[in-house]
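# my questions are about this predicted structure, shown below with the sequence.
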Amino acid sequence: MATIRRFEDLDAGQTARRLVKQIYELTSAGSFARDFGLRDQIQRASVSVMSNIAEGFESRTQALFIDYLGRARASADEVRSQLYAALDLGYITEDQFEQAYELVDKVSRQIQRFIQYLIPHSQALRVHEDAPLFQPTSANDPTF
């Protein structure tokens with residue numbers, strides 16, 4: 001597994017980025033685009049997933065990073081909830097719902113696995129900027 005130096009190197013960060021793109025595409029057309037409240041809320045929640053991963057990655061301690069990852073996961077749950085509202089209101093099709101739901105569920109699971117990986121190291125201070133922040137020690141370490 002490659003050394004992780006930036007949040008963009010995390011699988012969860014990459015998935016969160018795809019989620020933002022998909023949510024913006026879904027909300028840019030039809031009735032969804034005209035429902036300013038729900039549209040803006042689901043867009044903000046999806047961006048919050050990615051933003052909290054990024055902000056946490058640059059935090060001072062592992063414990064703080066875990067806290068930000070928890071916030072990212074909560075935002076993913078918010079997106080999931082809002083997808084149900086969009087489906088029930090007829091703003092998206094069942095297929096669109098399934099595709100977006102699969103992506104938000106994936107990022108949520110990735111974040112949770114990363115949290116579980118970091119918990120044993122939660123009291124550690126972050127390393128200096130030039131060193132890798134996370135480098136798995138064996139082939140059994142999870143992919144994030």
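Thanks, I have the structure now.

# got any ranges where the protein has weak pLDDT?
The model of the chain has pLDDT under 70 over residues 1-2, 121-144.

# could I get the buried residue list for the helix or strand containing L69?
For L69, the enclosing helix or strand under DSSP states H and E is helix 62-88. Across helix 62-88, burial judged by 16 or more other C-beta atoms under 10 Å covers 62, 65-69, 71-73, 75-76, 78-80, 82-83, 86-87. Glycine gets a C-beta too; all of them are placed from N, C-alpha and C.

# immediately after that helix, which helix or strand?
As assigned by DSSP H and E, the chain's next helix or strand after helix 62-88 is helix 94-118.

# quick one: that next one to chain centroid distance?
Counting by C-alpha atoms, centre = their mean, to the nearest Å, helix 94-118 is centred 8 Å from the centre of its parent chain.

# look up how far Q112 lies from G70.
According to C-beta to C-beta, to the nearest Å, G70 stands 9 Å off from Q112.

# please disregard the earlier target; I meant L103.
Remark: distance between L103 and Q112 (C-beta to C-beta) = 15 Å.

# which residues touch the nearest residue to G30 once chain neighbours are set aside?
Nearest non-adjacent residue to G30, counting by C-beta to C-beta, 6 or more residues apart in numbering: Y91, 6.7 Å away. By C-beta atoms under 8 Å, 6 or more residues apart in numbering, Y91 lies in contact with 26, 30-32, 35, 38.

# try 10 Å
Shown in contact with Y91 (C-beta atoms under 10 Å, 6 or more residues apart in numbering): 26-27, 29-35, 38-39, 42, 83, 85, 97.

# same question for L83.
Contact analysis of L83 by C-beta under 10 Å, 6+ apart lists 23, 26, 42, 91-92, 96-98, 100-101, 103-104.

# ends of stretch 79-98, how far apart?
End-to-end distance for stretch 79-98, by C-alpha to C-alpha, to the nearest Å: 13 Å.
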